[in-house]
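Undergrad: Show me how the following folds:
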Amino acid sequence: DYTLIKLALQEPFPAELSGILDKFPQYKNKQVYLPAATLRPETMYGQTNCWLLPDGEYGIYNMNGDDIFICSDRSVQNMSFQEMTPVRGEPEKLGTIMGERLMGCAVKAPLSKYPIVHILPLLTIKMDKGTAVVTSVPSDAPDDYAALMDLKNKPKLREKYNIKDEHVLPFDVVEIIETPGLGRTPAKDLCIQMKVASQNE
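TA: Residues are numbered from 1 along each chain as shown. Model prediction:
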């Protein structure tokens, strides 16, 4: 089963998002989250960033309690049958925003060594899988490690998505779990061993 990790979006919000939220003053005190779906919640201590699909269209939804979610439409439809929305089966959509508009934004990553991390581009995200919001744990996920190294090593790639150096360069792999026979950074070690130089490989 998936576990949702609620990454709280930090202000200032992008102008496009603020413009949408301003149309719903009744929700002005709610917190905006990007809910990342994971099968391995025990690795959340090693989060270094959040991934979104730059050309993905994300829905902005009113949820139960004090939450507003930014995630895929399909995932919220499923959540609406799990008592996570005010009306069962009828999620309230406030608007949409493209992933590229959120690039570089800061989010609070619960239990991570880095209290604040940033939203970065990952081109392999599928909008019909999970929530289309992915938390990055490069110590244990080869895809995360390869994509993070791409952004660290390629200034032009950062520039393309308006990612600042400080959104990427200070965030190193965090050792979190000892895997028998694989060590504490199996994804990093595997990528180096296999000479994986890019997320496109």
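
Undergrad: Tell me what the residue nearest the centre of the chain is bridged to.
TA: Nearest residue to the geometric centre of the chain (C-alpha atoms, centre = their mean): Cys50, 3.1 Å. Note on Cys50: beta-bridge partners Ile119, Thr135, judged by DSSP bridges.

Undergrad: For Gly89, see how far away it is.
TA: 28 Å (C-beta to C-beta, to the nearest Å). The C-beta positions use only the backbone N, C-alpha and C, and glycine is treated the same way.

Undergrad: Which parts of this structure are strands?
TA: Secondary structure of the chain (DSSP state E): strands at 3-9, 31-38, 49-52, 57-62, 67-71, 92-98, 106-108, 116-121, 134-136.

Undergrad: which residues sit against the third one?
TA: Counting contacts by C-beta atoms under 8 Å, 6 or more residues apart in numbering, the residues outside strand 49-52 that touch it are 7, 34, 36, 58, 99, 102-103, 107, 109, 117-122, 125, 132-136, 144, 147-148, 167-168, 171.

Undergrad: what's around Tyr45, how many residues?
TA: Other residues within reach of Tyr45, judged by other C-beta atoms under 10 Å, total 17.

Undergrad: now do Thr85
TA: Taking other C-beta under 10 Å as the criterion, the count of residues near Thr85 is 21.

Undergrad: mind putting the strands of the chain in a markdown table, mean pLDDT and distance to Leu182 included?
TA: Shown next, in a markdown table, are the strands of the chain (pLDDT from 0 to 100; distance: least, C-beta to C-beta, whole Å):
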| stretch | mean pLDDT | distance to Leu182 |
| --- | --- | --- |
| strand 3-9 | 97 | 23 |
| strand 31-38 | 97 | 19 |
| strand 49-52 | 98 | 23 |
| strand 57-62 | 98 | 34 |
| strand 67-71 | 98 | 31 |
| strand 92-98 | 98 | 37 |
| strand 106-108 | 98 | 29 |
| strand 116-121 | 98 | 24 |
| strand 134-136 | 96 | 19 |
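
Undergrad: Show the contacting residues for Val107.
TA: Shown in contact with Val107 (C-beta under 8 Å, 6+ apart): 7-10, 34, 50, 116-119.

Undergrad: Next up, the contacts around Ile119.
TA: Going by C-beta under 8 Å, 6+ apart, Ile119 touches 34, 49-52, 102-107.

Undergrad: Tell me the one of those residues nearest Asn153?
TA: The closest of the contacts of Ile119 to Asn153 turns out to be Asn49 (C-beta to C-beta; 15.1 Å).

Undergrad: circling back: and of the strands of the chain, who's closest to Asn153?
TA: Asn153 sits nearest to strand 116-121 of all those, at 13.6 Å, using C-beta to C-beta.

Undergrad: and the angle from the closest one to strand 31-38?
TA: 70 degrees (axes from the mean of the first three to the mean of the last three C-alpha atoms, to 10 degrees).
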